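>>> Here's a sequence, model it:
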Amino acid sequence: MQVQVEIGFDQLLKLVRALPASKLKRLKREIDKDVKQTESADMSLTQLLLNGPTATEEELKNIEQNRNSINAWRTI
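From the prediction side, this is the model:
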């Protein structure tokens with residue numbers, strides 16, 4: 001059985017502040033663990049993008065020529 005309770009941020013903050021030191025440390029460890037996992041996932045995406053393929057000079061020139069051709073065609 002699961003029970004869901006909706007409480008406001010201020011109520012949550014009040015409850016957290018009322019925790020004994022040992023429980024507060026445990027809560028902090030759990031939150032830090034979740035943050036590290038999120039940062040790790042973000043870092044993986046960053047690494048993937050940084051290590052991804054890049055265009056060569058020839059491909060960039062081709063793209064520029066194609067853009068110029070399309071822009072010239074539009075003005076006709």
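
>>> First-to-last residue distance for stretch 41-59?
End-to-end distance for stretch 41-59: 31 Å, by CA to CA, to the nearest Å.

>>> Which residues outside stretch 5-12 are in contact with it?
L15 (CB atoms under 8 Å, 6 or more residues apart in numbering). Just so you know, the C-beta spots here come from the backbone N, C-alpha and C atoms, and that holds for glycine as well.

>>> let me fix that: stretch 41-48
Here stretch 41-48 has no contacts from other residues, using CB under 8 Å, 6+ apart.

>>> ok, which stretches of the chain are helices?
9-17, 21-50, 57-74 (DSSP state H).

>>> Any chance of JSON lines for those helices, columns mean pLDDT?
Shown next, in JSON lines, are the helices of the chain (pLDDT from 0 to 100):
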{"stretch": "helix 9-17", "mean pLDDT": "93"}
{"stretch": "helix 21-50", "mean pLDDT": "82"}
{"stretch": "helix 57-74", "mean pLDDT": "94"}
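
>>> contacting residues around V16?
Per CB under 8 Å, 6+ apart, neighbours of V16: 24, 27.

>>> export the helices of the chain to JSON lines and tack on distance to V3?
Listed next are the helices of the chain as JSON lines, based on distance: least, CB to CB, whole Å:
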{"stretch": "helix 9-17", "distance to V3": "15"}
{"stretch": "helix 21-50", "distance to V3": "19"}
{"stretch": "helix 57-74", "distance to V3": "57"}
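
>>> between those, which one is nearest to M1?
helix 9-17 (21.5 Å; CB to CB).

>>> could you check the angle helix 21-50 makes with the closest one?
120 degrees (axes from the mean of the first three to the mean of the last three CA atoms, to 10 degrees).

>>> so how far is helix 9-17 from its chain's centroid?
Its chain's C-alpha centre and that of helix 9-17 lie 26 Å apart, by CA atoms, centre = their mean, to the nearest Å.
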